[in-house]
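1. Kindly generate the corresponding structure for this input.
(2 chains)
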There are 2 protein chains.
Amino acid sequence: MTLRLALRQEIAYASYLNVQTVILPPPRHRSHVASYARAINECLKSATYINFSIRLPIYDPAVFQPKEKESPSSHTSTPSRSTTTSPPSTPQIVMPRASTPRSLKAARAPEGELNATWEMWDVIRTICDYNTRLTLTLDLTPPLPSNAGVLNRWMAEPVQHIFLPASTFIANVKGYPVLPKGTQSFVRNSMTHHPIIIMSGVNSGLHTKGGESAYAQYVRHVEKTSTAVQAAMTAGTVEHFAQGYQDYLQNPLQPLMDNLQSITYQTFEQDPVKYRNYEEAVYHALMDWPDSDRIVICVAGAGRGPLVQRSLTAIKRSRRNAFVYAVEKNPNAFVTLQGRKQKEWGDSVQLLFGDMRHVELPELADILISELLGSFGDNELSPECLDGAMRFLKSDGISIPASYTAHLAPLSSSKLYNNARISTDLKGVETPYVVMFQNINILSGDGGGVSGRCGSKIQTCWEFEHPRKDATVDERGLPLTNSHNVRSAKLSFHIPHAGVMHGLAGYFESILYGDIGLSIHPHRKEQVSKDMLSWFPLFFPFKEPLYLPSNSELHVSIWRLTNERQVWYEWYAESFLPVFNAPSPPEHSEDASGDGSFFASASTHVAVPSPVIDAVDAFPSLERSETRRSGEESPRSTAGVIKIGQTSLHNPGGRSSWIGL
Amino acid sequence: MTLRLALRQEIAYASYLNVQTVILPPPRHRSHVASYARAINECLKSATYINFSIRLPIYDPAVFQPKEKESPSSHTSTPSRSTTTSPPSTPQIVMPRASTPRSLKAARAPEGELNATWEMWDVIRTICDYNTRLTLTLDLTPPLPSNAGVLNRWMAEPVQHIFLPASTFIANVKGYPVLPKGTQSFVRNSMTHHPIIIMSGVNSGLHTKGGESAYAQYVRHVEKTSTAVQAAMTAGTVEHFAQGYQDYLQNPLQPLMDNLQSITYQTFEQDPVKYRNYEEAVYHALMDWPDSDRIVICVAGAGRGPLVQRSLTAIKRSRRNAFVYAVEKNPNAFVTLQGRKQKEWGDSVQLLFGDMRHVELPELADILISELLGSFGDNELSPECLDGAMRFLKSDGISIPASYTAHLAPLSSSKLYNNARISTDLKGVETPYVVMFQNINILSGDGGGVSGRCGSKIQTCWEFEHPRKDATVDERGLPLTNSHNVRSAKLSFHIPHAGVMHGLAGYFESILYGDIGLSIHPHRKEQVSKDMLSWFPLFFPFKEPLYLPSNSELHVSIWRLTNERQVWYEWYAESFLPVFNAPSPPEHSEDASGDGSFFASASTHVAVPSPVIDAVDAFPSLERSETRRSGEESPRSTAGVIKIGQTSLHNPGGRSSWIGL
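-> From the prediction side, this is the model:
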């Protein structure tokens, strides 16, 4: 109750001073967190005019050290030599050594306490139900860890203030205050939050040169040199283009059911990269095509004509004789096309009005060009539309795009979670949204995980290829059913650091022709289609956050389903913790799934009854060996996993979200 | 898609035959479970006129054995000698040995596969969102395990059919078919589900005597001898009294705000045990009281007079001179009291109309008697009411009851979960309900868990004592605030077997006087107040099910809170998995929280990077050492735990449920 009273006094004082945000100290002890959080939640409900921000040290062993433990300093390993040692004394940068058995102890303590800080925050905000009036004040009082993987998690949290005491600064060779490398880059990255920087002790003359203003000047310098800030200020970048759209949830288009508005076409036509790549693809296709007196090109879904224009340019460049058919179902766009034909294109183009799934072409095409891709590749029904248009294409014809793939990664973001919950109905949390990601963190890591059977950080779900032969078609060349466009994937992710999963990040990659493509895959977009603006990623939300411990495994199941009128996605996830076995020679491997497992061996210490053993569950490791990498067989393969959690099935039967055929 | 088609054919055939329930075979392989479940969910939505029941072997190694593993038989340890070995060959009863290190291997496999069956079911019903049209058909084809802890979990699931092939039966000495002991008791316990027993092969002459009818006859015999069935048929038992109320959610009473109806009084007055114990308590209090010419008794909340009557009887038995004041605020009940005074009690009783928190008594009482207890003890505001009535009591006076305690245990029940969700609003899943438990399973176990720091299966939250001295009172003897009635508890439970938690089971115990009490605590009610009918347990629901792996630890936080007008409860839970350390001499214990921990040692095998270590979280063990048993210090105390899950905070600020003052 004392805490309750203390908080009430804080509020009274704040409202007396007319303060809008009260910054609260962290709970005194971790065992108080739940009660501390409950009391804060009570205040959030009662004092609706005040916001609360909890000051948390990113890493302060002192806060979490149990009394009887060694002093924090002995936990932090040798200070970074990279920083100068001139007075004032350099704060220690914690550099966990690579955890070879010998250095385990050195690395463990800081890591554990790093999680401790974040887990404390996670309990508080969970108990406060992600209240948007509850934010973080990150206290960067040294020492600060330099483990990027651990620091990235704060990108997904509502960091409103950064507390930066003068003691965090070190003196550069000239004696001016500067930040140690680790702190520097962290503050730089944090600028995406547009945090309020709170400085203290700047007038205590801790540093010989520059005086008070030097600290603020330096911080401004750091902000200016932040990549996020710079990108946002540079014209032509996605960050610049997307100003105001960061973490904003857009409902995906219904391209078949609705006709796009002129403004939408205009936005998409702004993209300099996408159409350049299309032109290149057409150009190379033409060059590779056996020179004939007449190459027939069909643009399926011509819109206001950008692809027609690019095709004509490509034809000119390639010095080939080619004719272009342009099919478009949107009457408004068709008017624009007619105007452009009259003014610009003339007889080299013939316009056809109608749905590409129903119109007839006077002749078969050699090259079929379309731009029907969505953020997840197939999520705007490119497969279904092209099924309808393949009738136009010669058996040896070329489709641009030739193929596309969908990709997924587990995502954490308190902001996106709250945005998806704004609409209180089920629909809000079962709809895949188009989002320009900013305050998010991808939870997965590379390297196969502890069991060695997990996939990479971002994984491929499925692929669509055009032209395709697998669909059975009727006499008109249209598929009898849509079942050949059903897909499903089961992916295993490794989660190196504890985090809360709020959904899945969806990306696409496409091969237009040859080595020319389009990509929003975080690892490859720079090489494939740098500065392309047309697609933001997709966000598949979770109804409920899924807590994932450090080094857990996440199994994601996703389906692309269809009936006569609709296409939709369903998604589901399970979480596991690995248990280990000593590497054993292959001939014993069959009964090793239990032998010497963590639980088994542990039970020998503490005499745990048989129930302990039934925790070791062999099957998910079977699963994994089926899904992928069944080749890779190592002593690891004897590891089992324990199931620890699961989500519900999202969007069953397309009840909340679907795309109309 | 083949599965999808197969299911559709099943449905078509079923509707052709006008069948109401389709019994489906289990998925072919565990890696197919998610897709299998999704397909079933689709059918549940499309074929709303048909129910589905999934036939699952309770334990069939063959289903789950990966190809390269040893044969099931080698997993099952020596067959139980308790069963006869006359032809036909006795099915093996799997008896996992106590898992001393040597027998670990023998015990492990069956245990693991037992979990496998249930976990398969859990994934299916979770993906089907606990659809009530999806039930279980338990296949008891031998061998059946004899681990009760593992079998109990099926009590919490919707078992609609039990599949009992003739091969499950063994021959008794006379050659008649009977069930092996393990199967026998399991079927007996399962009768609470009122399952449909499906028998097969009864005409194959597998047993020499009795013929076809013998099997059915035997099963009927088993049903008759089921304790649940017998109790339900025996008058005077709670089971008999509660017919039709099993697993039915009742909203708790608002005794202060509302006046009870006559019918409610009548129901409560039926209880033979409660009032007998009250009479005994009053009798002994009178006997212990120094004999004076006039002992003053006050019945606070007399209702229709049962306690007045019992007091008079006790006075008569004790041969003491005593006078009874009866206070009642309910005008309807007061009319009845007046009638009884006129006809039965005469001048030995004086009636006072009004709220015990406001009426005045002509003189101070020696003994204050009340019956204000709820299923959770204080949940009908006995503490607040008695605070108001203590003014009547002499400083050395006696309160009956003298004290009461609230108790909690983690509960699993798909039925209760569904019943709480019927009302789609938040209120439904944040209200503590009064429930006669039937299809439930308590997930916790005794024995302190792996870390040795967990409490017992059912744990005490808090206690209230009367008379009390801690409350500061005004000149009228009434407390200034109600803050002294605020309570909070943090409990640690050991979860031996994997299960899904759907909420908390609440019980109370009360000391009326001396060694006379009232209890609905499952372990003590038989001794304290056998066959007492007045109270069913309380059920605190969870918004979302919480998955708990075998041998996990559950931390429950619960608060009793109050403002000027209301009292309410808030509850929250976190789940953890223990990690172990080799026992180490105390002088090293301070840095053992990491050393040789499961993850650390494991990482030496598979070269896991430092993130692995941050999984080891020291603080919850600190917590526990604070809460309880801090005395017990063993090598175990160096074990850490990994957080794996949490719930949201339920009923914050009493938004969904509260009791009015």
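2. Span of stretch A:190-202 from start to end?
-> End-to-end distance for stretch A:190-202: 21 Å, by CA to CA, to the nearest Å.
3. pLDDT (mean, whole number) over that stretch?
-> Across stretch A:190-202, the average pLDDT comes to 90.
4. Go through that stretch and flag the buried ones.
-> A:Ser190, A:Met191, A:Thr192, A:His193, A:Pro195, A:Ile197, A:Ile198, A:Met199, A:Val202 (16 or more other CB atoms under 10 Å in any protein chain shown). C-beta coordinates here come from the backbone N, C-alpha and C atoms, glycine included.
5. next one: stretch A:537-544
-> Neighbour-count burial for stretch A:537-544 flags A:Pro537, A:Leu538, A:Phe539, A:Phe540, A:Pro541, A:Phe542, A:Lys543 (criterion: 16+ other CB under 10 Å).
6. Was I right to think the second one contacts A:Pro252?
-> Yes: using CB atoms under 8 Å, A:Leu538 is in contact with A:Pro252, at 7.4 Å.
7. joint contacts of those two?
-> With contacts taken as CB atoms under 8 Å, 6 or more residues apart in numbering or on different chains, the residues that reach both A:Leu538 and A:Pro252 are A:Gly374, A:Ser375, A:Asn379, A:Pro432, A:Tyr433, A:Val434.
8. helix or strand for the nearest residue to A:Asn131 once chain neighbours are set aside, which one?
-> Spatially, and ignoring its direct neighbours in sequence, A:Asn131 is nearest to A:Leu44 (5.1 Å; CB to CB, 6 or more residues apart in numbering or on different chains). Using DSSP states H and E, A:Leu44 sits in helix A:33-46.
9. Likewise for A:Lys415?
-> Counting by DSSP H and E, A:Lys415 is part of helix A:414-421.
10. With A:Cys461 instead?
-> Here A:Cys461, judged by DSSP H and E, is contained in strand A:459-465.
11. and the residue in the stretch 301-450 of chain A positioned nearest to chain B, which of the three is it?
-> Nearest to chain B, among the residues of the stretch 301-450 of chain A, is A:Val450, at 5.5 Å (CB to the nearest CB). Here A:Val450 takes the coil state, with states given by DSSP: H, G, I helix; E, B strand; the rest coil.
12. now it: how far from A:Glu553?
-> Applying CB to CB, to the nearest Å, the value for A:Val450 to A:Glu553 is 8 Å.
13. out of the shared contacts of A:Leu538 and A:Pro252, which is most surrounded?
-> Most neighbours among the shared contacts of A:Leu538 and A:Pro252, by other CB atoms under 10 Å in any protein chain shown: A:Pro432, with 27 neighbours.
14. That residue reaches A:Gly506, doesn't it?
-> Yes: between A:Pro432 and A:Gly506 a contact is recorded at 6.7 Å, counting by CB under 8 Å.
15. any common contacting residues for these two?
-> Contact criterion CB under 8 Å, 6+ apart; residues bridging A:Pro432 and A:Gly506 by contacting each: A:Phe376, A:Asn379, A:Leu538, A:Phe539, A:Phe540.
16. Among those, which are located in strands?
-> Counting by DSSP state E, the part of the shared contacts of A:Pro432 and A:Gly506 found in strands is A:Leu538, A:Phe539, A:Phe540.
17. Mind putting those into JSON lines with pLDDT?
-> Shown next, in JSON lines, are those (pLDDT from 0 to 100):
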{"residue": "A:Leu538", "pLDDT": "97"}
{"residue": "A:Phe539", "pLDDT": "98"}
{"residue": "A:Phe540", "pLDDT": "98"}
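18. which one of these is nearest chain B?
-> A:Phe540 (15.5 Å).
19. if I pick that closest one, what's in contact with it?
-> Per CB under 8 Å, 6+ apart, neighbours of A:Phe540: A:Leu408, A:Pro432, A:Gly503, A:Leu504, A:Gly506, A:Ile558, A:Tyr569, A:Trp571, A:His650.
20. go with 7 Å
-> Counting by CB atoms under 7 Å, 6 or more residues apart in numbering or on different chains, A:Phe540 makes contact with A:Pro432, A:Gly503, A:Leu504, A:Gly506, A:Trp571.
21. host element of the last one?
-> The one in question is A:Trp571. Assigning secondary structure by DSSP H and E places A:Trp571 in strand A:566-579.
22. Mind checking the pLDDT average for that strand?
-> Average pLDDT, strand A:566-579: 94.
23. Now look at that strand and say if it contacts chain B.
-> Yes: for strand A:566-579, a contact with chain B is found by CB under 7 Å from any CB of the partner chain, at A:Glu570, A:Tyr572, A:Leu577.
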